[in-house]
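# the following comprises the amino acid sequence and a computationally predicted model.
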Amino acid sequence: MDLVELIKTVGYLGLSGIVFAESGLFFGFFFQGDSLLFTAGFLASQNFLNIWTTVILVFVSAVAGDSVGYAFGKKVGLAIFRKEDSRFFKKEYLNKAEKFYEKNGAKTIIIARFVPIVRTFAPIVAGVGSMNYSKFIKFNLIGGFLWSVGLVGAGYFLGRVIPGVDKYLLPIILLIIILSILPSALHLNKERRNKKKLA
């Protein structure tokens, strides 16, 4: 997927919609939010987007998406864990987010921002677990800020300081995707090895 052309095509509204979906809707888990935000920052550095408008919209969309995910989890509750797999829902992703939440506690809401798939399901798990909303929104705001400002800012900064950085944009995006997927891959590999030891 050509993220540059995608963002140019969908504009601010589409960018906000993708971030919102990935942050709290089941079908949003397949979006690559990290590379999308970095690319948006790069486009802002080339004056295709306004940096302040981009950061604010991404931040608001991320926080709103997580809040919707939390509300959904709180309303549906444990019934969601009995839901059958479908095109837009995989129970293993929810279980993965639950384990991540159990291991890291409330700070999962911040950490999960930087972990694909987990960032979609973590707020839902927080709602299912009836996490106090005032605590949730605090971590949600911090995580949303670090994620939006950090990634959009990185794209903007590199676009400004490195001449011809657009030539290296694809490798940089691929590197971001690999780095964002790597923790999950290592965790899954560790789980497989533990299961083999127990077998």
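That came in fine, so what should we check first?
# use CA for all of it now, contacts and neighbours both
Noted.
# helix/strand/coil for S130?
Secondary structure, DSSP: H, G, I helix; E, B strand; the rest coil: S130 is coil.
# list the contacts for it?
S130 makes contact with K74 under the criterion Cα atoms under 8 Å, 6 or more residues apart in numbering.
# the helix or strand harbouring E92: what's the following helix or strand?
Using DSSP states H and E, E92 sits in helix 91-104. Sequence order places helix 108-111 as the next helix or strand after helix 91-104, per DSSP H and E.
# so what does that following helix touch, helix or strand wise?
Contact here means 3 or more Cα pairs under 8 Å, 6 or more residues apart in numbering; DSSP states H and E; on that basis helix 108-111 packs against helix 118-128, helix 133-161.
# could you export the first one as PDB, CA atoms only?
When you say that, I think you mean helix 118-128. Taking C-alpha atoms only, helix 118-128 is exported to PDB below (Å, rounded to 0.1, in the frame of the first residue of the first chain):
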ATOM      1  CA  VAL A 118      -2.700  -4.900  21.000                       C
ATOM      2  CA  ARG A 119      -3.500  -1.200  20.600                       C
ATOM      3  CA  THR A 120      -6.800  -2.100  19.100                       C
ATOM      4  CA  PHE A 121      -7.900  -4.500  21.700                       C
ATOM      5  CA  ALA A 122      -6.300  -3.200  24.900                       C
ATOM      6  CA  PRO A 123      -9.000  -0.500  25.500                       C
ATOM      7  CA  ILE A 124     -11.700  -3.100  24.900                       C
ATOM      8  CA  VAL A 125     -10.100  -5.400  27.500                       C
ATOM      9  CA  ALA A 126      -9.800  -2.500  29.900                       C
ATOM     10  CA  GLY A 127     -13.600  -1.900  29.500                       C
ATOM     11  CA  VAL A 128     -14.300  -5.600  30.000                       C
END
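# and it, what other elements does it pack with?
Using 3+ Cα pairs under 8 Å, 6+ apart: helix 118-128 touches helix 3-24, helix 51-76, helix 91-104, helix 108-111.
# got the angle for it vs helix 51-76?
For helix 118-128 against helix 51-76, the angle by axes from the mean of the first three to the mean of the last three Cα atoms, to 10 degrees is 40 degrees.
# can you give me the buried ones in stretch 133-153?
136-137, 139-141, 143-153 (16 or more other Cα atoms under 10 Å).
# so for it, mean pLDDT?
With pLDDT averaged residue by residue, stretch 133-153 scores 91.
# list of residues touching that stretch?
34, 37-42, 54-55, 58-60, 62-63, 66-67, 106-107, 109-111, 113-114, 126.
# quick one on the thing from earlier: make CSV out of the helices and strands packed on helix 108-111 and add distance to D2.
Shown next, in CSV, are these (distance: least, Cα to Cα, whole Å):
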stretch, distance to D2
helix 118-128, 22
helix 133-161, 16
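# can you list the weak-confidence ranges in this structure?
1, 26-31, 77-78, 80-91, 93-98, 100-101, 104-105, 163-170, 172-199 (pLDDT under 70).
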